[in-house]
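Participant: With the sequence up front, the predicted model follows.
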Amino acid sequence: MKKKSFAVLGLGKYGSSLAAGLYDRGMDVLVCDRDEERIRDFAGRSTVAVTCDLADEEALRNLGLENVETAIVATAADLSASILSVVVAKEQGVPLVIAKAGSARMAKILKRVGADRVVDPEAEGGQRLATALTSPAILDIFADDENLCILEMTPRKDWIGKSLSEIDLRRRQGVNIIAVRKGKSRWAFPDPAEPLSGECVLLVAVEKKNLSLIQ
């Protein structure tokens, strides 16, 4: 897996879970929070840990966000700090800026000021997002329980050109392909004999213990 770089701005419950998940997966993680105790706690669980007030524009600009591929603004309790963090990250050229929203209204505002994606922590846990962000194939994870999750992914390179019957994912890896979509077409039940193409998107059900087998 390619090592990616992330900035997690705000170490509340959601940000802490996400930052820990990314770092545990071997990613470069910059964490930032104004709470010095939280930053001390993350000194050994991140690549760089910085005490910073996210409502301070100058402090934000000095974080080095231009060096990360993805910034996650996880401070939904302070709308002004969230807005400023999104704006500064985009101005500094961060390719993907994800922002946590505490309400539908806040989500609209964050989208308007430049957030590429807005997440709802009630529907998407930090560990789940960490998996989606660090996998080269997984596009999104829609639902999960204690042992099973449903996700959207592109076919792995070693699957392309082979049929579902050939790769036999259900028997070999405990992975079930629920549906297949090509381009902008509708979801359809998969034909076990039809080879998968690089343009396909797969809807997959998989046990969590087998997630690493399809990443």
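Facilitator: Good, I have the coordinates.

Participant: Can you verify residue 185 is assigned to a strand?
Facilitator: No - counting by DSSP: H, G, I helix; E, B strand; the rest coil, residue 185 is located in no strand; its state is coil.

Participant: how many neighbours does it have?
Facilitator: Neighbour count of residue 185, defined by other CB atoms under 10 Å: 10. For glycine as for every other residue, the C-beta is placed from the backbone atoms N, C-alpha and C.

Participant: cool, and residue 190?
Facilitator: By other CB under 10 Å, the residues close to residue 190 number 18.

Participant: Next: residue 158.
Facilitator: Residue 158: 8 neighbours (other CB under 10 Å).

Participant: helix, strand or coil for it?
Facilitator: Relying on three-state DSSP, one would call residue 158 coil.

Participant: now residue 152
Facilitator: When classified by three-state DSSP, residue 152 comes out as strand.

Participant: Would you confirm that it contacts residue 201?
Facilitator: Yes - counting by CB atoms under 8 Å, residue 152 touches residue 201, with 6.1 Å between them.

Participant: tally of neighbours for residue 173?
Facilitator: For residue 173, the count of nearby residues is 15 (other CB under 10 Å).

Participant: My error: substitute residue 160 in the last question.
Facilitator: Each residue near residue 160 was counted by other CB under 10 Å, and the total is 14.

Participant: Same question for the one 4 residues further on.
Facilitator: For residue 164, the tally of surrounding residues (other CB under 10 Å) stands at 20.

Participant: what does the model give the closest residue to residue 106 other than its chain neighbours for pLDDT?
Facilitator: Nearest residue to residue 106 in three dimensions, chain neighbours excluded: residue 79, at 6.1 Å (CB to CB, 6 or more residues apart in numbering). Predicted confidence (pLDDT) at residue 79: the value is 85.

Participant: what's the distance between residue 79 and residue 159?
Facilitator: 43 Å (CB to CB, to the nearest Å).

Participant: Show me which of those two is the more surrounded one.
Facilitator: Taking neighbours as other CB under 10 Å, residue 79 and residue 159 compare with residue 159 leading, 22 against 16.

Participant: Read off the pLDDT value for the more buried one.
Facilitator: You'll see residue 159 listed with a pLDDT of 85.

Participant: And residue 4, by the same measure?
Facilitator: pLDDT, residue 4: 90.

Participant: pLDDT wise, what is the residue in the chain sticking out farthest from the centre at?
Facilitator: Ranking residues of the chain by C-alpha distance from their mean position (CA atoms, centre = their mean) puts residue 193 at the top, at 32.5 Å. pLDDT recorded at residue 193 is 88.
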